[in-house]
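S.K.: Please work out how this folds:
(3 chains)
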Amino acid sequence: MELKNVNIKGIPTAEFNDNEYLENYIKELEANGVNVVLGKIDEFINWGRSNSIWPLIYATSCCGIEFMATAAAHNDIARFGMEVTRNSPRQADLMIVAGTMVHKMAPLIKRVYDQMAEPKYVLAMGACAISGGPFVNSYHVVNGVDQIIPVDVYVPGCPPRPESLFYGLMQLQRKIKVEQFLGNKQR
Amino acid sequence: MENIKKLILNTVKDAVIEEKQKLTVTVDYTKLHLLAKTLRDNAELPFDTLVFLTGMDRGEELGVNYLLCSSKDLSKEIVLKTGTTDRENPLLYSVTDLFETANYNEREVFALFGIRFINNPDMRKFFLNGDWNGFPFRKDYDANPELNPLNLESKDIIDIAPRIMEIDGKLVESTVNIFEEDDYIINIGPQHPSTHGVMHFRTSLDGEIVKKIDVHSGYIHRGIEKLSETLTYPQILHFTDRLDYLSANINRHGLCMAVEKAAEIEVPERAQYIRTIMDELNRMDSHLLAWACQTNDLGATTAFIYGMREREIILDIFEKTCGGRLIINQNVVGGVMFDIYDDFQKDVKSFIIYMCDKLKEYDRFFSHNVIALGRMIGIGNLSKEDAINYAVTGPAGRGSGWSCDIRKHIPYALYDKVEFNEVIRTEGDSYARYLNRLDEIEQSLHIIEQLIDNIPEGDICAKTKAIIRLPEGEFYSRVEACRGEFGVFIESRGDKFPYRLKFRSPSMALVSAMPLICKNEKISDFIGIGGSMDYVIPDIDR
Amino acid sequence: MILNYSQPLEVTNLTSWLDAALRSSLPEFWVLLIEFVLVGVAFLAAYAVIALILIYAERKITAFFQARFGPNRVGKWGLLQSVADMVKILLKEIVKINRSDRFLFFAAPFFMIVASMATFGAIAFGKGLHAIDFNIGVLYVTAVSSLGIIGVLLAGWSSNNKYSMIGAMRSGAQFVSYELSAGFALMTIVVLAGTMQFSTMIEGQRYCWNLFNGHISSLIAFIIYLISGHAETNRGPFDLPEAESELTAGYHTEYSGLQFGFYYLAEYLNMFIIASIATAVFLGGYMPIQVKGWVAFNGIMEYIPSYIWFFGKTAVLIFLSLWVRWSFPRLRIDQLLNLEWKYLLPINLVNIVLMVILVLSGLTLTDLLPGWF
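M.R.: Numbers count the residues shown, from 1 in each chain, chains lettered A, B, ... in the order given. The predicted structure is shown next:
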């Protein structure tokens, strides 16, 4: 699988940032060789997974409102098939962490993440979820949600615009599309 | 006010009365409860609303400032101060029996300053976990992260509240169980689609009926007030946007006003116009979202999308003005940061016409829907007395018949020059609050209509020094945010940093009334009432 | 033969040819076995495909109501969106819940899917497209479709989750109540049609649909059936069992992967089943629109295959259901039960008596205007 085969409708690969990261990721995955047949099945599975990302919104503050704007009429997250927000972590594929994480919340987000079913992804939305944002010096704020759970995509902004969130979601789709479920011998 | 002064001296002989920005009375902590009760109950001018309850670390002593005002005329204000020098085991008397709203505020003061209140029925820490080491807002707090490491283990919630009661002149420490032994308790929140943020309501149910609600807060406590103590005034401004992010501009206006008043900065006329128009746009933006969320809580998803659709047009206007959508960073000390763009008037005017039309559509679509009426009329009744007691302001307070619009009582910016009605309904149910919001959108449109064509030419920002130092003193400012009265209290010691900064959040009062008005309602209505109160959690937790 | 010539697009032609071909070369037993297997596979496939189409249709129609686009990035116009969802959900991890009743937890989704599948089998999709035609078809459908509630109740009980439990209890109360109304509404029409067999009932509506035949009484029954049928499928404004804004995901909160997929499919299929029963009972099922005496018109209408008629009528009813679902706010549980026990049920009982009077005293349209209908 090569990066140029990873298609996102309407946007050429060259226009994405962080292509290098994905290329390295592919190299790492393909280090042990790829089975041709299983690779094809993988592509099919990844097509399904990447196009059906049902989010769980872990909204704590302002970014949650921007997510609502993203889901509403003007921006319409449904175009990507992602409007099926599941409030139960068991049924969600993607956790969008939108907002500041504080000490009191930390065990709870860990628990919700553990409750999600594989495959699961995490998107850190906004400066607070990435690093603590403007509250980085506070005694009660966790400096980035990646101290608690692994994060796949970071979307900067305070709060990020809906377009930024879409861009982040498309980056996540690209990441899912190069994954190997069956084809990798290591698994 | 002379009579009040006499009354104070008659009640407490050794009270120290000072004329600062507000009338300030300092009393011994043993007398405070008596004085507050006398002030509340006096016939001439009852001070029956507790606006601020601010914990203070004054260096030697730990204390509390109370700002009381009269529910009939919000501009009649009085500040009570008290304190104790015992830093090891500070004890003050609670005023919860006089003002219900004091309950959560006192618990907050306990969590942040370690002051315990005698006779408060529930002395658990409000924002922080019970096992948090130290009291972060004290000046001698040790911020070493090793003392309070990041904990990832979920712990069971213990529903036992400690308290200190005064019985026959003796202090007795005891505990009380929040719930009965065999209650069916569900956790609504902290991560729930309809709590409008990360509020945690532990709810005991009898079938579908809510028996009791226990509120846990602090899941988004970011310590903004503590952070502010190390930042200069212009640096603090952006925090206000992130409190109640839906009335970002108004909150910021409040802080700017406090600083401007203290530093005696004159704001140019043009800036006042822009501020007022932006505030009202912001109010509509917030009320539209509140409408959308309330309908969504009642199960009408399509109405939610419609509300968001109209809101997007306001966001576009914001974006063209200053680049921000939700958090717009427009106000600065002395004026506004960005001037309006060329087509601003045209855009706003076309929005006014569009919005009037859409309000009618909302009425057709939802306001008279028979299911919606059944879900709102007579549900979540909040009487006027309770509204005052819990200090529930904003559309919710006015839905209970309490005239509490700061824009009318203590006009700021241009609100004394424009004509608008204070929307008041007396029913006090969810439907009154719902209609109030829609009517307030109409009033906001009316206010903007009067201002939009008359914006004068001139500066948009007064010249200010690079570093703003406030003179020594205590400064208050109160503005009408979208959810009610937003207040700022600054204690300055003549430095470029505030010594203590406190925000009065309207949402905390709204949430404190929730256990009262949701009692004996169905669990579905609990969600609906929450939607009608429309609180924003980061505003509470700060 | 002439009939077949005039309806070249009917599937009956294919099935009877297949049957004849098999019988000519194989003994009876093998013929039956092969046909059973073929029918079973066809039904399973149809079940999945219809559900996927419905999911896609709902998402698109909802988007249309809400001034949005809806899915449009997977395939042309997002047509493959539900396929992607299915691929995803098939491969999603199934979480094992600690401290739950394992056996019931795993059995519950099957109750749901089996009940809706069993009802699905009794639907007449078109002329000859009818897996089994009981002489008590209406009774069978009512009885079997109510088995699904066991799946919901078990799910709520076995998950060991308080939200699930409340959702399941709500669902139980709601289903038991509205099943009554739906059953009575169907019985009203049974009185009119004089049969419980779907094929006879549909044939009897050749010139006059039951909806018009029993005029007032039928109309009342139709409306009541639509309301209670809608309530039985647990969809808004009756979606209390899974009320997203209250109970996060209701009774299926703890289910993931394919098990949740079962509930998801069954929800949409139940909507289809309710609509198709309403079509068969009230709107003449797969019968084309026929007017007595208009031979040419009737011929043209007959030329359109019966399954198109069936799916067309069903689609209209489903659209109606979606319209309601996305327009109204949600009822509260006591309002929901009030509506049923204080209004729908008494009206229904009176309505049956009214229908009996209409039929006995010859006041139905076919009796009044025999030349027309």
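S.K.: Would you double-check that A:Ile45 falls in a helix?
M.R.: Yes. Assignment of A:Ile45 by DSSP: H, G, I helix; E, B strand; the rest coil places it within a helix.
S.K.: how many neighbours does the closest residue to chain C within the stretch 301-450 of chain B have?
M.R.: The stretch 301-450 of chain B approaches chain C most closely through B:Ile305 (4.2 Å), counting by C-beta to the nearest C-beta. The way it works is simple: take the backbone N, C-alpha and C, and place the C-beta from them, glycine included. Using other C-beta atoms under 10 Å in any protein chain shown, B:Ile305 has 25 other residues around it.
S.K.: Just want to check the distance between it and chain A.
M.R.: According to C-beta to the nearest C-beta, to the nearest Å, B:Ile305 and chain A sit 5 Å apart.
S.K.: who are the neighbours in contact with that residue?
M.R.: Residues near B:Ile305 by C-beta atoms under 8 Å, 6 or more residues apart in numbering or on different chains: A:72-73, B:292, C:66-68.
S.K.: at 10 Å what do you get?
M.R.: Listed by C-beta atoms under 10 Å, 6 or more residues apart in numbering or on different chains, the contact set of B:Ile305 reads A:68, A:71-74, A:76, B:292, B:295-296, C:62-63, C:65-68, C:326.
S.K.: now A:Met95
M.R.: Counting by C-beta under 10 Å, 6+ apart, A:Met95 has contacts A:55-58, A:89, A:109, A:112-113, A:116, A:120-124, A:145, A:149, A:151-152.
S.K.: Kindly identify which of those also come near chain C.
M.R.: Filtering those for proximity to chain C by C-beta under 10 Å from any C-beta of the partner chain leaves A:89, A:116, A:120.
S.K.: List buried residues within the residues you listed.
M.R.: For the ones next to chain C among the contacts of A:Met95, a burial check counting by 16 or more other C-beta atoms under 10 Å in any protein chain shown picks out A:89, A:116, A:120.
S.K.: Tell me how far the last one lies from chain B.
M.R.: A:Lys120 sits 16 Å away from chain B, taking C-beta to the nearest C-beta as the criterion.
S.K.: Excluding sequence neighbours, find me the nearest residue to the residue of the stretch 301-450 of chain B closest to chain C.
M.R.: Leaving aside its sequence neighbours, B:Ile305 sits nearest to C:Gln66 (C-beta to C-beta, 6 or more residues apart in numbering or on different chains; 4.2 Å).
S.K.: again with B:Arg325
M.R.: In space, and not counting its chain neighbours, B:Arg325 is closest to B:Leu315: 4.7 Å by C-beta to C-beta, 6+ apart.
S.K.: SS state for that neighbour?
M.R.: When classified by three-state DSSP, B:Leu315 comes out as helix.
S.K.: okay but it is in contact with B:Gly323, surely?
M.R.: No. B:Leu315 is not in contact with B:Gly323 according to C-beta atoms under 10 Å; the separation is 11.5 Å.
S.K.: if we can go back for a sec, check contacts around the residue nearest to B:Arg325.
M.R.: Residues near B:Leu315 by C-beta under 10 Å, 6+ apart: A:66, A:69, A:74, A:161-162, B:281, B:285, B:308, B:324-326, B:328.
S.K.: And the residue in the stretch 51-200 of chain C that chain B sits nearest to, what's its pLDDT?
M.R.: Nearest to chain B in the stretch 51-200 of chain C, going by C-beta to the nearest C-beta, is C:Gln66, at a distance of 4.2 Å. At C:Gln66, the pLDDT value in this model is 87.
S.K.: Quick check: the gap between A:Asn137 and B:Leu255.
M.R.: Per C-beta to C-beta, to the nearest Å, A:Asn137 is found 19 Å from B:Leu255.
S.K.: burial count for B:Val267?
M.R.: Using other C-beta under 10 Å, B:Val267 has 21 neighbouring residues.
S.K.: so where's the stretch 201-350 of chain B uncertain?
M.R.: Under the criterion pLDDT under 70, no range of the stretch 201-350 of chain B is flagged.
S.K.: That one: strands as residue ranges?
M.R.: B:209-216, B:331-332, B:335-336 (DSSP state E, counting those that start in this stretch).
S.K.: would you turn these into CSV with distance to chain C?
M.R.: Formatted as CSV, the strands of the stretch 201-350 of chain B follow (distance: least, C-beta to the nearest C-beta, whole Å):
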stretch, distance to chain C
strand B:209-216, 10
strand B:331-332, 33
strand B:335-336, 33
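S.K.: which of the ones you listed is buried the deepest?
M.R.: strand B:335-336 (a mean of 26; mean count of other C-beta atoms under 10 Å in any protein chain shown).
S.K.: B:Ser524: what's it in contact with?
M.R.: By C-beta under 10 Å, 6+ apart, the contact list for B:Ser524 reads B:208, B:297-299, B:375, B:379, C:170, C:240, C:243, C:245-247, C:330-336.
S.K.: Would you quantify the distance from it to B:Cys518?
M.R.: 11 Å.
S.K.: rewinding a little: what's the PyMOL line that selects buried ones from the contacts of A:Met95?
M.R.: Entered in PyMOL, the line below selects the buried ones among the contacts of A:Met95, by 16+ other C-beta under 10 Å:
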select buried, chain A and resi 55+56+57+58+89+109+112+113+116+120+121+122+123+124+145+149+151+152
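S.K.: Am I right that B:Gly83 sits in a strand?
M.R.: Yes. Under three-state DSSP, B:Gly83 sits within a strand.
S.K.: what's the spacing between it and C:Leu336?
M.R.: In this view, B:Gly83 and C:Leu336 are 56 Å apart by C-beta to C-beta.
S.K.: What is the distance between stretch C:124-137 and the centre of its chain?
M.R.: Distance, stretch centre to chain centre, for stretch C:124-137: 14 Å (C-alpha atoms, centre = their mean, to the nearest Å).
S.K.: whoops, stretch A:126-138 was the one
M.R.: 19 Å.
S.K.: and it, does that touch chain B?
M.R.: Yes. For stretch A:126-138, a contact with chain B is found by C-beta under 10 Å from any C-beta, at A:128, A:132-138.
S.K.: from the residues you listed, which would you call buried?
M.R.: A:128, A:132-135, A:138.
S.K.: Filter the residues you listed down to the ones in helices?
M.R.: A:Cys128 (DSSP state H).
S.K.: What is the nearest of the buried ones among the residues of stretch A:126-138 next to chain B to chain C?
M.R.: A:Cys128 (24.1 Å).
S.K.: Let me see the contact set for the closest residue to the closest one other than its chain neighbours.
M.R.: Residue nearest to A:Cys128 in three dimensions, not counting chain neighbours: A:Thr100, with 3.8 Å by C-beta to C-beta, 6+ apart. The contact partners of A:Thr100, taken as C-beta under 10 Å, 6+ apart, are A:60-63, A:126-129, A:132-135, A:138, A:140-142, A:145, B:198, B:219-222, B:242, B:538, B:541.
S.K.: try it again with 7 Å
M.R.: In this structure, A:Thr100 makes contact with A:60-61, A:128, A:133, A:135, A:141, B:220, B:222, judged by C-beta atoms under 7 Å, 6 or more residues apart in numbering or on different chains.
S.K.: Give me the neighbour count for B:Lys139.
M.R.: 10.
S.K.: For stretch C:19-33, list the C-alpha coordinates in PDB.
M.R.: The C-alpha trace of stretch C:19-33 is given here as PDB (Å, rounded to 0.1, in the frame of the first residue of the first chain):
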ATOM      1  CA  ASP C  19     -40.400 -25.000  -9.500                       C
ATOM      2  CA  ALA C  20     -41.400 -26.800 -12.700                       C
ATOM      3  CA  ALA C  21     -37.800 -27.300 -13.800                       C
ATOM      4  CA  LEU C  22     -36.900 -28.700 -10.400                       C
ATOM      5  CA  ARG C  23     -39.800 -31.000 -10.300                       C
ATOM      6  CA  SER C  24     -39.100 -32.400 -13.700                       C
ATOM      7  CA  SER C  25     -35.700 -33.700 -12.700                       C
ATOM      8  CA  LEU C  26     -35.800 -34.300  -8.900                       C
ATOM      9  CA  PRO C  27     -37.900 -36.200  -6.400                       C
ATOM     10  CA  GLU C  28     -40.400 -34.300  -4.300                       C
ATOM     11  CA  PHE C  29     -38.300 -34.200  -1.100                       C
ATOM     12  CA  TRP C  30     -35.300 -32.700  -2.800                       C
ATOM     13  CA  VAL C  31     -37.400 -30.100  -4.600                       C
ATOM     14  CA  LEU C  32     -38.900 -29.000  -1.300                       C
ATOM     15  CA  LEU C  33     -35.500 -28.900   0.400                       C
END
